[in-house]
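**Q** Turn this into a model:
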Amino acid sequence: MIDTISGSKHSNMKEIRIGAPHGQNGQIRILFAMAPNQRPAILYGFIKHSNDYVANIKMADELYSNHLKKLVTKM
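**A** Numbers count the residues shown, from 1 in each chain. Next up, the predicted model:
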């Protein structure tokens with residue numbers, strides 16, 4: 001399942017959920033965003049053990065911000 005992430009500073013941040021929602025090890029979550037060049041940027045993956053996304057979203061936001069800066073310098 002793909003869903004939009006709330007709490008990200010990037011409005012186009014989304015997540016892919018893989019695995020059973022109540023599995024013993026938790027679902028795998030992959031945070032990604034579509035870059036301005038229309039290519040997906042896979043940013044960060046983790047196994048969900050709780051509903052606290054704050055640290056994971058912060059890491060993905062930082063990675064995506066750096067990715068966008070690199071794209072701008074290449075243009």
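
**Q** For residue 35, which non-adjacent residue is closest in space?
**A** Of all residues not flanking residue 35 in the chain, residue 41 sits nearest, at 5.0 Å (C-beta to C-beta, 6 or more residues apart in numbering). For glycine as for every other residue, the C-beta is placed from the backbone atoms N, C-alpha and C.

**Q** what are the bridge partners for the residue sitting nearest the centre point of the chain, then?
**A** In the chain, the centroid-proximal residue (C-alpha atoms, centre = their mean) is residue 31; its distance is 1.8 Å. Beta-bridge pairing of residue 31 under DSSP bridges involves residue 15, residue 44.

**Q** That one touches residue 10, doesn't it?
**A** No: when contacts are counted by C-beta atoms under 8 Å, residue 31 is not listed as touching residue 10 (9.9 Å).

**Q** can you map out the strands along the protein?
**A** Along the chain, the segments classed as strands by DSSP state E run 2-4, 14-18, 28-34, 40-47.

**Q** could you redo those strands as TSV and give each row mean pLDDT?
**A** TSV is the format used below for these (pLDDT from 0 to 100):
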stretch	mean pLDDT
strand 2-4	90
strand 14-18	91
strand 28-34	91
strand 40-47	88
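
**Q** most tightly surrounded among those strands?
**A** strand 28-34 (a mean of 18; mean count of other C-beta atoms under 10 Å).

**Q** Against residue 66, how distant is residue 31?
**A** Distance, residue 31 to residue 66, by C-beta to C-beta, to the nearest Å: 14 Å.

**Q** swap that for residue 18, sorry
**A** 25 Å.

**Q** which ones are touching the residue nearest to residue 35?
**A** 32-35, 64, 67 (C-beta atoms under 8 Å, 6 or more residues apart in numbering).

**Q** mind redoing it with 6 Å?
**A** 33, 35, 67 (C-beta atoms under 6 Å, 6 or more residues apart in numbering).

**Q** hang on, residue 31 packs against residue 46?
**A** No: checked against C-beta atoms under 6 Å, the pair residue 31 and residue 46 is beyond contact range at 8.2 Å.

**Q** okay, and the common contacts of those two?
**A** If you check residue 31 and residue 46 against C-beta under 6 Å, 6+ apart, no residue is contacted by both.
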